[in-house]
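Enquirer: Generate coordinates for the sequence data below:
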Amino acid sequence: MVKVSLLSNPVKNLCAIDASTNSLAFAIFTDKELVASGKIKFSGIDTYVKVGDAARKSFAFLKNFEIDAIVIEHTVFMNSPKTAADLALVQGGLLGAARMAGIKRFGSVSPITWQNYIGNKKLTTPEKLEVANANPGKAASTLKSIERELRKQKTIKFVNSYYDKNISDNDVADAVAIGHYSINNLQKVGF
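Expert: Numbers count the residues shown, from 1 in each chain. As a prediction, the model looks like this:
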C-alpha cells in the first residue's frame, strides 16, 4: 500500500464520525472550518438489520458531499463484548458505504486521545470525591454515570465555545471534537 503525502493530496474536506449501534453523529470540516454537523439514526429490530440501514443511510448521506477523508472514533472495549462487537459491525457497514461513495482515505482516533486534546481528561481523584460527596449514598455505578455526564457536558461546552455553536446532543459534540482533533493532527489519524 502506498501512502499519499499530505503535500500532494491534502485533506480539504474531512468528515468526523462518532458512531453507535443506533446512530451516526457527524461533523464536516472544510479547510478546518466546521461547515455541517448532525445525526443520522438507524432503524432495525436487531444489529444485523441496523447494519444494513446504517450502510444505506451512510451511502445516501456521504455521496452528496465531496469528502476527502473520514475519521472515525476507534472502537474500544469497555464492559460489554457484545456492544463492542455490534459497534464494530455498524462501523464496518458505514465505512463500506463510505468507500462505495468514493471516499478513499480513512483514519481513526481513540476516545481518550481526542478528549485529552480538548482538555477533557479523565476526572482526577479529588474531582471524583467531589462527585461522591455531592451524591451521598449513591451506588458506584450511579457515580460513574454522573462522571460520564459531566465529561459529556464538558465536551459540549468546548465545542459550543470554540465553534460558536449551540449543540446540545453529546454525540454530535463528540463528532465535532473528533474532527477538531483530526484537522489539527492529520498525520496522527492516518493521513
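Enquirer: pretty sure G44 belongs to a helix, no?
Expert: No. Applying DSSP: H, G, I helix; E, B strand; the rest coil, one finds G44 to be coil, outside a helix.
Enquirer: you'd agree it is up against G52?
Expert: Yes. G44 is within contact range of G52, at 7.2 Å (criterion: Cβ atoms under 8 Å). (C-beta placed from N, C-alpha, C; glycine too.)
Enquirer: So which bits of stretch 183-191 are buried?
Expert: The neighbour-count check on stretch 183-191 (16 or more other Cβ atoms under 10 Å) flags 183, 185-186, 189, 191 as buried.
Enquirer: Of those, which is the nearest to V109?
Expert: V189 (5.3 Å; Cβ to Cβ).
Enquirer: Who are the contact partners of the closest one?
Expert: 71, 107-109, 181-182 (Cβ atoms under 8 Å, 6 or more residues apart in numbering).
Enquirer: Give me the phi and psi for it.
Expert: Per-residue torsions, V189: phi -90, psi 0 (degrees, to the nearest 10).
Enquirer: Also Q153?
Expert: phi -70, psi -30.
Enquirer: Leaving out the residues flanking it, which one is nearest to it?
Expert: Once flanking residues are discounted, Q153 sits nearest to N170: 7.8 Å by Cβ to Cβ, 6 or more residues apart in numbering.
Enquirer: Just to check, that neighbour is in contact with K157?
Expert: No. Between N170 and K157 there is no contact under Cβ under 8 Å: 10.9 Å.
Enquirer: which stretches of this protein form strands?
Expert: 13-19, 23-30, 33-41, 69-73, 105-109 (DSSP state E).
Enquirer: Need those strands in a markdown table (columns: mean neighbour count).
Expert: Listed next are the strands of the chain as a markdown table, based on neighbours: other Cβ atoms under 10 Å:
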| stretch | mean neighbour count |
| --- | --- |
| strand 13-19 | 24 |
| strand 23-30 | 23 |
| strand 33-41 | 15 |
| strand 69-73 | 25 |
| strand 105-109 | 19 |
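Enquirer: can you redo those as TSV with mean pLDDT and distance to R56?
Expert: Output for the strands of the chain, formatted as TSV (pLDDT from 0 to 100; distance: least, Cβ to Cβ, whole Å):
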stretch	mean pLDDT	distance to R56
strand 13-19	96	15
strand 23-30	96	12
strand 33-41	96	10
strand 69-73	96	17
strand 105-109	95	19
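Enquirer: how about these in TSV, adding distance to N133?
Expert: As requested, the strands of the chain are exported to TSV (distance: least, Cβ to Cβ, whole Å):
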stretch	distance to N133
strand 13-19	32
strand 23-30	33
strand 33-41	35
strand 69-73	32
strand 105-109	34
